[in-house]
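Q: Starting from these lines, generate the structure:
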Amino acid sequence: MLKYIILLINSISILFYNIFFGDGVTITPKLPANAKPGTEFTAEMVIKKGSIGGFSKLQIDLPQGFTAKELESKGGTFSFVNGAVKYIWTALPADEEFTVKFIIVADASSEGTKTVQGKFSYILNNTKQQVDFGPVDIIMDGAGTSAVITNTSVPTNTVAATTTTNTTTPSGDGKVPESFSPPKDPNAAVSSNRRITNISATEYDVVIEIKKENIKGFAKYTDKIPAGFKATGIKTNGASFSFSDQVAKFVWVSLPSAEELQISYKLIMDTKPDANPVISGEFSYLENDQTQKIVAPETTVNLPQEETPVVTNTVTPTNTVVPETNTVTPTTNTVAATNTVVPETNTVTATTNTVDPVATNTIVPETNVTKITNASLNFQVQIGAFRNNISVDRIASVYNINDNIRTDMHEGYTKFLIGSYSEYKGARDKRESVKGKVSGAFVTVYNNGKRITVQEALMISNQKWLR
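A: Presented below is the predicted three-dimensional model:
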């Protein structure tokens, strides 16, 4: 009890200090006084910010045994890494006071008193300002009472926010973090370029190259993802990746020192659109406490060609020629009729002549087509198609392909091919062998150098389609 009384006195003292001497920014945590191990509960942070805006960061340090899940972020980017909950805003909400919420998950071993504390950082007149709050204690026991610590008329466990008014010499290493420093060269040339690579029937690799030169500090890159698609991060280059409301977002608290950055994500198609969709995006950063935006050029997502299933009963239509051969039969019957001694034989002969030409005319054309086209068919495996100028060496490096890679310009795309087979089965086996590297690889075929469909090739060569 004495502990709580001391906390109450400290809280009231700090609160009065902030009212009369602070700049008006306060953080009030709302947490339960007690909770049960192995349960979840809601944590709230009430931020009274006044008129400040622009970049800011809220960090809440959780004790061991506690993890967190996003609930309500008020436009900020939420993350939970190494025991710390972080909200990052490029621009704070317009309201003078707002509340963020998250879920705390306490594991079954969370017993005893757990302490929560944190800080709220923002920029004022190109200088970092910081408001600390906590520590706030949560007693983990079997009682699990629902009492909430708030800054109300009964502030038993409330620790009001403290404001660091002299921030020119912050704690730590004594240096102002780069994340709050304006760019050294406001006129630096900044640009971004997006490259999309089809890796399967439903997946794409999206690589963004950003030329930032001397820009430092906070930055953000966003891509607007088309409806029916979703994105997962691959290469973040020190950024925090998130995907929400059809927006893929990379956020840096402090940009890497390299003048050029490369980030990437995987684009996954859940629903195939009627036409090739377009991705648009932008790169934004802080310059003298103001947000600068660079629009990234739009890029079209080219939907992959699909391999057409083969209908196995494709030779039957050749029987339609049979009725035409009957016109030859009367000539034979006229000759046979001169033998008046054996009229019945003539009848049989005529019947035989009627059948033989039909069978011959039906089979011979099929044999000739097969012999001609088998020699001219070339089954191959396509591993990629791009509008951009991409080298064979680049494709071999990205997909770790040791085969000889050939290219073909077709319908405005440079298509990359491996393997060369006269039989469909050979190309199909090759496709299966590289699927671990290129999941979207598929069989294509050329007839005397002209690209045709696999279905057409199998029909004219009388080959079987295999999955």
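Q: any idea which helix or strand comes after the helix or strand of the chain with the lowest mean pLDDT?
A: Within the chain, no helix or strand scores below strand 162-164, which has a mean of 37 by mean pLDDT, DSSP states H and E. Per DSSP states H and E, the first helix or strand lying C-terminal to strand 162-164 is strand 191-198.
Q: So in that sheet, which strands flank that next one, and in what orientation?
A: Pairing partners of strand 191-198, with direction, according to DSSP bridges: strand 203-211 (antiparallel).
Q: what packs against whatever helix or strand comes next after the partner strand?
A: Following strand 203-211 in sequence order, the next helix or strand is strand 219-224 (DSSP H and E). Using 3 or more CB pairs under 8 Å, 6 or more residues apart in numbering; DSSP states H and E, the elements in contact with strand 219-224 are strand 203-211, strand 247-252, strand 278-287. (Each C-beta comes from the backbone N, C-alpha and C, glycine too.)
Q: List the contacts of the second one.
A: Which is strand 247-252. 77, 88, 90, 218-225, 231, 233, 236-243, 263, 265 (CB atoms under 8 Å, 6 or more residues apart in numbering).
Q: The residue nearest to Lys224 when sequence neighbours are not counted: neighbour count?
A: If the residues on either side of it in the chain are set aside, Lys224 comes closest to Ser280, at 5.1 Å by CB to CB, 6 or more residues apart in numbering. Counted with other CB atoms under 10 Å, residues neighbouring Ser280 total 15.
Q: and what of the one 5 residues further on?
A: Using other CB under 10 Å, Tyr285 has 26 neighbouring residues.
Q: Thr291 is in contact with that one, correct?
A: Yes: between Tyr285 and Thr291 a contact is recorded at 7.5 Å, counting by CB atoms under 8 Å.
Q: So this structure: which segments form each domain?
A: 2-167, 191-300, 305-467 (automatic domain parsing).
Q: Let me see the mean pLDDT of the second one.
A: When pLDDT is averaged along domain 191-300, the result is 90.
Q: measure it end to end?
A: One end of domain 191-300 sits 19 Å from the other (CA to CA, to the nearest Å).
Q: where does the stretch 301-450 of the chain dip in pLDDT?
A: 305-375 (pLDDT under 70).
Q: Please indicate which of the contacts of strand 247-252 are buried?
A: Burial by neighbour count, judged by 16 or more other CB atoms under 10 Å, picks out 77, 88, 90, 218-223, 225, 231, 233, 237, 239-242, 263, 265 from the contacts of strand 247-252.
Q: For Thr407, give the beta-bridge partners.
A: Bridge pairing for Thr407 - DSSP bridges - gives Phe416.
Q: That one: neighbour count?
A: Thr407: 16 neighbours (other CB under 10 Å).
Q: isn't it right up against Tyr413?
A: No: applying CB under 8 Å, one finds Thr407 not in contact with Tyr413, separated by 10.0 Å.
Q: any idea how far Asn34 is from Ser254?
A: 39 Å (CB to CB, to the nearest Å).
Q: just Leu92 next, same as before
A: 19 Å.
Q: can you map out the strands along the stretch 351-467 of the chain?
A: 377-386, 406-410, 413-421, 442-447, 450-452 (DSSP state E, counting those that start in this stretch).
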